[in-house]
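J.: Give me a model of this one.
(chains A and B)
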Amino acid sequence: MRCSLFVCLIIGALFSYGAGVDPSNFKTCEQSSFCRRSRKVQSSGSKYALIRGTLNTYSDSLTADLINKENHHQFTLKLEALVGNTFRLQIDEKQPLRPRYRVEHALKGKPETTRISVQESDELTITAGTSKAVIHGDPFRIDFYEHDVHVVSVNAKNWLYFEHLRQKAQTPPEPAEGNDQAHQQQDHQDNSEEVQPASEPIDDPGAWEENFKSHHDSKPYGPQAVALDFSFPAAEILFGIPEHADSFQLKSTSGTDPYRLYNLDVFEYVVDSKMALYGSVPVLYAHGPKRTAGVYWQNAAETWVDIYTTETNVVSSLVNFVSGSRKSTPPVAHFISESGIVDAFIMLGPQPLDAFKQYAALTGTHELPQAFALAYHQCRWNYNDERDVTSVSAKFDEFNMPMDTMWLDIEYTDGKRYFTWDKFKFPEPLTMIKNLTELGRHLVIIIDPHIKRDNAYFFHQDCTENGYYVKTREGNDYEGWCWPGSASYPDFFNPVVRDYYASQYDLSKFKTVSKDVMIWNDMNEPSVFNGPEVTAPKDLVHYGNWEHRDVHNLYGHMHLMGTFAGLKQRDPQQRPFILTRAHFAGSQRYAAIWTGDNLADWTHLQHSIKMCLTEAVAGFSFCGADVGGFFGNPDSELLERWYQTGAFLPFFRAHAHIDTKRREPWLFPERTRAIIKSALLTRYSYLPLWYTSFYELEQTGAPVIRPLLTHYPADKEAFAIDSQLLVQHRLLVRPVMQQGVSKVDVYFPAIDDKKNGDYWYDVDTFQRHERAGYESIPVTDDKIPVFQRGGSIVPKKERQRRSSKLMLNDPYTLVICLDRQGKAAGTLFLDDEKSYAYRNGESIYVNYEFANNQLTNRFITKPLYKSDAWIERIIIAGLGYVPIDATITAKGISQKLEIEQRSNGAIVVRKPAVKMNVDFALKLNAA
Amino acid sequence: MQQKCLQLLLLALFVYALTGVQGIDVPRPRGVSLVKAPLYQPQPDGKWNCIDGSKTIPFTQINDDYCDCADGSDEPGTAACSKGQFHCLNTGHQSVDIPSSQVQDGICDCCDGSDELEESQCENTCLALGAAAAIQRRNEAELHMKGAEKRQEMINRGKQLKADRSARRSELNARIKEQELLKTEKEHLKATAEALESEAVEAFKEQQRELDAVTAQAEQEPQQMRQEASLTFVRYDTNKDGFVEITELMVDMNLDRDRNGVVTVEEAKYFLDERDRMDLDAFITLAWPRIKPLKMLADGLFQPPVPTPAEERAPQQDNTKEAEQLDPEPTGEHADMDVPDEEDGEDEEQYDDEEPDVGVGEATPDVETTTAAPIYDPETQRLIEQANEARNAYEEVARQIREIEHEIKELDEQEGKDYGPNEEWSVLDGECYTFEDREYVYTLCPFDRVSQKPRNGGAETTLGRWDQWVGEGANKYSKQKYAQGAACWNGPQRSAIINIKCALEPRITSVSEPNRCEYYYEFETPAACDRDAYTASAQSQHDEL
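T.: Modelled structure (predicted):
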């Protein structure tokens, strides 16, 4: 209570505890001039046309000029074909008054292009492989086809809206260029909008300056919004554009605010909301039974997205089915950004996983994390001192519960000066760290981007002397308030600043940590307590003379780039682990995310799944929510359910606010303790599956956790389900996220339209579920429904250890669940779980295949990693008989193995004892 | 071939495990204690039953690195069974059971290193640890021995105190009876004198009606005085605990009798009738008469005639009700938190709501100078003086009774406290101990209260008042709880747990706040040096070995 009583007082005075965010602190579309202006085009439409004779074709792209027929301003269009059914559309002013910002660093590299062929008739038809784009000249529109199925249209609604840069009109107002006769009336509410062309922003009182609450935005460059509509004729639902505390399926914004993408530190956010949160990933997918497509709107400025869908329900889909007709209008997404250019990637699928991989091919994936990062993390604001850290770690051992990582929040620092320690509370950090690492554990400490303005603080001195801080319009160092009090913000867009920042992680400079200490980057939206909407003013100036307005959503991303570089330079052998709150497209290459400051409440537990599913398809598989809820005190039941749920999200960390009661597992009654321990052990037992999934994410871009539609794209009933998730295509998890229930409805998805489904085996009992559709599954305190798909093989490690590192050489269990044909297959990846040696082939990547009563392995790559691990048991479910024994043959030697029986007809092959890098065949012997 | 090798290796391990274990002559599988050795005997057919009887397996499958038994009993020496236990013999030190999860994980958990395979090269540290433990036990025993002597003194003194209290209680009972009698008598005398006086005054009044108001005012005076005293009490009692304490008086420079710029403890104590603290009644009777003249002096010298808010309001006045300290202009964003240093508890005061103006300064207009006493004729004056004397005599008796009652109340309170089976804790009541960390001075006044005060000045916050002993079972007297401390903003009332250990000198060794507003003190005192209890627990520990 002592550390930040004052902050608590103030925050508490502003927001009553538990009541949630005050939405009036954040802008609505109507309060945001560019959103208000751009949205008007939806009623009036715009008139853009291709200028004949300006077409240039190249091997992989074409360019042409566009004209706004209302004001005759000219634009340049570029359409490029990329490898993997993807087009890139860029539209910029032909001759802008000053350059318009183009996003950098979000793509993982320059996208690989592919050859096109162009046919010119009334339309331009651009063909690339199986996909093609058809450009209509007037009105301007592009239709995209995949295998001749029309899946995406650009500007079908004529909502393209591009505010060209202009000189500010003087008073008395001069006629603007072109046919624009509008007058600038800043303090006058415009009543004549009906007669003005919607494409002219100049009437809007916020066009050249804007106020929100007590904050003024000087807007020296005036209106410069860009907006474009995308229609999806083959789709029924839209999803994506995290981060919002909302359902997986995007809701229509007709009559509400659009979804907002603007990285903000929202205090006590509420669920079921389209408000902006900490991260912005402007990728959206459109899905129908036959086709999936996506759009990545590459723009780092504040962005609003309007969604128009006919909300599907059973009746309407039935009507459509009976009538055989398409329903009224295809879903539409209208992206509206404050500045920058149109830079859209149109990904044509055709299947969900294809689209996800196409996006991953553009922006990258998280690299294979160290195994510990996938294990359990124990965090709290704050573990008070060294003794606290040591004793919490020891308590996990005392209660024989596994735990991998202890976290330190801001209070470990000397007065919120990052790269320093509070010498009283943490006099011997290296000893403390060593005590953890000796048990195979890790420490993660927080490093935030706000820098305390203290002349005695080296980081501040360096930034001040070298001009490393983000600047105000006037060219001074910007000062805001954050945890340290008065703070400034390094301009991570400047490569020199990033290098400086990265170099601080060097152990020769940051001597009080070891190379095993990993990093948590919080507050990097950036959070500015006294800034507009708790962030930085838009008219700040960054490296390259770009306004903060242009780059806001990338600030956290640039911070991460610095941290990632720093950790890699510190120890090139070790894969960095970083957790971030702010994120943009591509940030997944550097960091895991969590869903920010949630609440100990059942609805927030439910949203942890919805939010992470959306993040996962938007590149962020490495996602989790604070287990237990950050604010407030969870009761035993909520905490138990949260651990059980969190155990099946990729990032698994308990965290709590400084004002909450302690909630380490042993502080709860025996029953709760046992349930939490069981959830932890479940997580640890599946670590080989998580680890393999992340390897395959890095290899293919396929998300680790997936919505049902990923593998059941034709099952309309599965489209909107966001209370269940798939782990790869192996597990189906339906956490219990309601209070006091004794059963939950689980939806088993259909693989065709005849309600045929996969087999699903309960992982606890091996009970088999054979029918698609909803089924009521009984649950108890210590059970949540988790099923393994018939046809899959899941690698596990069923031995308990203190931490994942100590499991490295422990033996594996293979769980084989058979499909209707008595077959199954599944991969396993293993390596040293820490270094980059796997990139030189020092790994074992193996596919296990079961068919005809025989299990074999096939090494996908040469098994060069030396592992002491071995297979201790093989569980087979769905066999339908009990073999008398099994014969394993490896290296020409055969040996008999015992068979044990488990519940529901599952059998266990006892102790094959074969090493992981050895070829073998294991045959079941029937009586 | 590799598989074969592995099995050979495991077989070798098993043989090693089964036989030459740690030089003790009872053959038993690795990880099994001597006590449990009989449970690990093969049946004549070479089979063996899991200890829970759930399964029969070949004896050779014990410790074969595969978990066969549901209870984990077949793998005492490997990590194969999650529910298993490994027995570290730890010759030379204490034997312990560790969970199977810690076997062969590369970390030496047993001091004899038996939980890891040889290649882990665990050192055997049992002898050194055993020796160190023996020394520690000896030291502890010695400490308890020496401490027990001190404790005996405390017991003696505690018993003496109890007897004293009892005697004093009887004495006070007798005295209060006497005083009650005396009071009746004085009341009678007063009534008589007042009757005479009032008769004379009435007569006088008939001549001088204009003095009526004045007389009336004079009658109000005791009432007024009580009110003034109460208001002053409230102002002094900054921590709102219903007592005025020395520290609370020390902030009032009016009480600096020797004008040296500091109100010393002694000075403050003088006003509290040489006590550490006083409740309201005692304050009115005992302290106010001493304080009031100084207040009046101060007012007379330094106050302008027009009443104004008291200037001497100490900046430290902090009523700790943080809810009242909020910025009166909440603005709805983090934005306006222009806070120089949120860590600094002192900042709370900046937000201290100005209290209503009930200051001492203006509330005591100078009665004597503004109210001219009427001049009576000599006879009336004589009767008035006689009545005054009677009143004073009566008041004096009444005051004495109040004082006795107050003391009785205190004695009864003490009698109600649990000073332990032998009164050994009694002498701690009335003592106070402090502990300083970087930011705060923590105080523990056993059986009374615990508090926290910023080192760099600022108000003291009560963390709790004496509640009860909360040690578990036989260790009831190892933990105290103090509850009902000042409320945290938007949170619970503060409370504190005091963990008590034996030591020769009383002191607080550490204070922490693991949960918001829940404090933990580590406190040492000879009163906890119970030799018999220590010997008993040491004995039982030894038996376990």
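
J.: show me the contacts for the nearest residue to A:Gly556 once chain neighbours are set aside.
T.: Once flanking residues are discounted, A:Gly556 sits nearest to A:Ala582: 2.6 Å by C-beta to C-beta, 6 or more residues apart in numbering or on different chains. For every residue, glycine as well, the C-beta is placed using N, CA and C. Neighbour list for A:Ala582: A:263, A:278-279, A:521, A:524-526, A:555-557, A:559 [criterion: C-beta atoms under 8 Å, 6 or more residues apart in numbering or on different chains].

J.: likewise B:Gln179?
T.: B:Gln179 makes contact with B:397, B:400-401, B:404, according to C-beta under 8 Å, 6+ apart.

J.: export those residues to TSV and tack on secondary structure, distance to chain A and neighbour count?
T.: Shown next, in TSV, are these (DSSP: H, G, I helix; E, B strand; the rest coil; distance: C-beta to the nearest C-beta, whole Å; neighbours: other C-beta atoms under 10 Å in any protein chain shown):
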residue	secondary structure	distance to chain A	neighbour count
B:Val397	helix	50	21
B:Gln400	helix	46	17
B:Ile401	helix	45	17
B:Ile404	helix	43	18
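
J.: Format the residues you listed as CSV; extra columns: pLDDT.
T.: Converted to CSV, these look like this (pLDDT from 0 to 100):
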residue, pLDDT
B:Val397, 89
B:Gln400, 90
B:Ile401, 90
B:Ile404, 90
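
J.: just to revisit the earlier point, quick one, phi/psi of the residue nearest to A:Gly556?
T.: With angles defined as degrees, to the nearest 10, A:Ala582 sits at phi -70, psi 150.

J.: where does chain B have its least confident helix or strand?
T.: helix B:360-363 (a mean of 38; mean pLDDT, DSSP states H and E).

J.: burial measure for A:Glu474, as a count.
T.: By other C-beta atoms under 10 Å in any protein chain shown, 7 other residues sit near A:Glu474.

J.: Which helix or strand in chain A has the lowest average pLDDT?
T.: For chain A, judged by mean pLDDT, DSSP H and E, that is helix A:5-14, with a mean of 40.

J.: And A:Tyr457, how far from chain B?
T.: 14 Å (C-beta to the nearest C-beta, to the nearest Å).

J.: close enough to count as contact, that residue and A:Arg417?
T.: Yes - counting by C-beta atoms under 8 Å, A:Tyr457 touches A:Arg417, with 5.0 Å between them.

J.: Output the longest helix belonging to chain B.
T.: For chain B, the helix with the greatest residue count under DSSP state H is helix B:126-207.

J.: Tell me how confident the model is about it, as a mean pLDDT.
T.: Throughout helix B:126-207, pLDDT has a mean value of 89.

J.: Equivalent analysis for stretch B:518-534, please.
T.: 90.

J.: buried set for that stretch?
T.: B:518-519, B:521-531, B:533-534 (16 or more other C-beta atoms under 10 Å in any protein chain shown).

J.: give me the element B:Gly464 is part of.
T.: Taking DSSP states H and E as the criterion, B:Gly464 maps to strand B:461-469.

J.: now that strand, how far from the centre of its chain.
T.: 5 Å (C-alpha atoms, centre = their mean, to the nearest Å).

J.: So which bits of it are buried?
T.: Buried residues in strand B:461-469, counted by 16+ other C-beta under 10 Å: B:461-466, B:469.

J.: Please look at A:Gly773 and A:Val746 and confirm they touch.
T.: No - counting by C-beta under 8 Å, A:Gly773 sits too far from A:Val746 to count as a contact (9.7 Å).

J.: okay, those two: which has more neighbours?
T.: Neighbours around A:Gly773 and A:Val746, counted as other C-beta under 10 Å, are more numerous at A:Val746. The numbers are 23 against 15.

J.: Can you classify the more buried one by secondary structure?
T.: strand (DSSP: H, G, I helix; E, B strand; the rest coil).

J.: Which residues are in contact with the residue nearest to A:Gly757 when sequence neighbours are not counted?
T.: The shortest distance from A:Gly757 to any non-neighbouring residue, by C-beta to C-beta, 6+ apart, is to A:Ala772 (3.1 Å). By C-beta under 8 Å, 6+ apart, the contact set of A:Ala772 is A:715, A:748-751, A:755-757.

J.: at 6 Å what do you get?
T.: A:Ala772 makes contacts with A:748, A:750, A:755, A:757, as judged by C-beta atoms under 6 Å, 6 or more residues apart in numbering or on different chains.

J.: cool, and A:Ile307?
T.: Taking C-beta under 6 Å, 6+ apart, one finds A:238, A:250, A:252-253, A:333 in contact with A:Ile307.

J.: If you go by neighbour count, which of these are buried?
T.: Using 16+ other C-beta under 10 Å as the burial test, those include A:238, A:250, A:253, A:333 as buried.

J.: Please tell me I have it right and the second one contacts A:Leu238.
T.: Meaning A:Leu250. Yes - using C-beta atoms under 6 Å, A:Leu250 is in contact with A:Leu238, at 4.4 Å.

J.: All the strands of the stretch 401-545 of chain B, residue numbers only.
T.: B:433-436, B:440-445, B:449-454, B:461-469, B:479-484, B:495-502, B:507-515, B:518-525 (DSSP state E, counting those that start in this stretch).

J.: Next, the contact list for A:Cys612, please.
T.: Counting by C-beta under 6 Å, 6+ apart, the residues that A:Cys612 touches are A:623, A:649.

J.: repeat that with 8 Å
T.: Applying C-beta under 8 Å, 6+ apart, we find A:Cys612 in contact with A:595, A:620, A:623-625, A:649-650, A:705, A:725.

J.: Report the separation between the closest residue to chain B within chain A and B:Ala134.
T.: Of all residues in chain A, A:Phe529 sits closest to chain B, at 3.4 Å by C-beta to the nearest C-beta. Distance of A:Phe529 to B:Ala134, computed by C-beta to C-beta, to the nearest Å: 58 Å.

J.: what do you get for A:Val534?
T.: Distance, A:Val534 to B:Ala134, by C-beta to C-beta: 61 Å.

J.: Point out where chain B drops to low pLDDT.
T.: Applying pLDDT under 70 to chain B flags residues B:1-25, B:208-221, B:297-374, B:490, B:541-545.

J.: residue closest to the middle of it?
T.: By C-alpha atoms, centre = their mean, chain B has its centre lying nearest to B:Val450, at 3.8 Å.

J.: Now for that residue: which residues touch it?
T.: B:Val450 neighbours (C-beta under 8 Å, 6+ apart): B:442-444, B:462-464, B:482, B:485, B:496, B:498, B:519, B:521.

J.: Helix, strand, or coil at A:Asp550?
T.: helix.

J.: what about the closest residue to it other than its chain neighbours, neighbour count?
T.: Nearest residue to A:Asp550, sequence neighbours excluded (C-beta to C-beta, 6+ apart): A:Tyr101, at 3.7 Å. By other C-beta under 10 Å, the residues close to A:Tyr101 number 20.

J.: Quick check: A:Tyr101 touching A:Ser337?
T.: No - in this structure A:Tyr101 lies outside contact range of A:Ser337 using C-beta under 8 Å: 10.2 Å.

J.: so what's in contact with the two at the same time?
T.: Common neighbours of A:Tyr101 and A:Ser337 (C-beta under 8 Å, 6+ apart) are A:Ala301.

J.: how does chain B divide up, domain by domain?
T.: With domains defined by automatic domain parsing, chain B comprises B:2-124, B:164-335+B:381-416, B:428-544.

J.: got those domains as a markdown table, with distance to A:Ala921 columns?
T.: Formatted as a markdown table, the domains of chain B follow (distance: least, C-beta to C-beta, whole Å):
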| stretch | distance to A:Ala921 |
| --- | --- |
| domain B:2-124 | 13 |
| domain B:164-335+B:381-416 | 64 |
| domain B:428-544 | 53 |
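
J.: helix or strand right after whichever strand or helix holds B:Val234?
T.: Using DSSP H and E, B:Val234 maps to helix B:212-236. For helix B:212-236, the following helix or strand on the C-terminal side (DSSP H and E) is strand B:244-245.

J.: ok, residues contacting the helix or strand just after that next one?
T.: Moving toward the C-terminus from strand B:244-245, the next helix or strand (DSSP H and E) is helix B:246-249. Applying C-beta under 8 Å, 6+ apart, the contact partners of helix B:246-249 are B:236-239, B:255, B:263, B:265, B:268-269, B:271-272, B:276-277, B:460.
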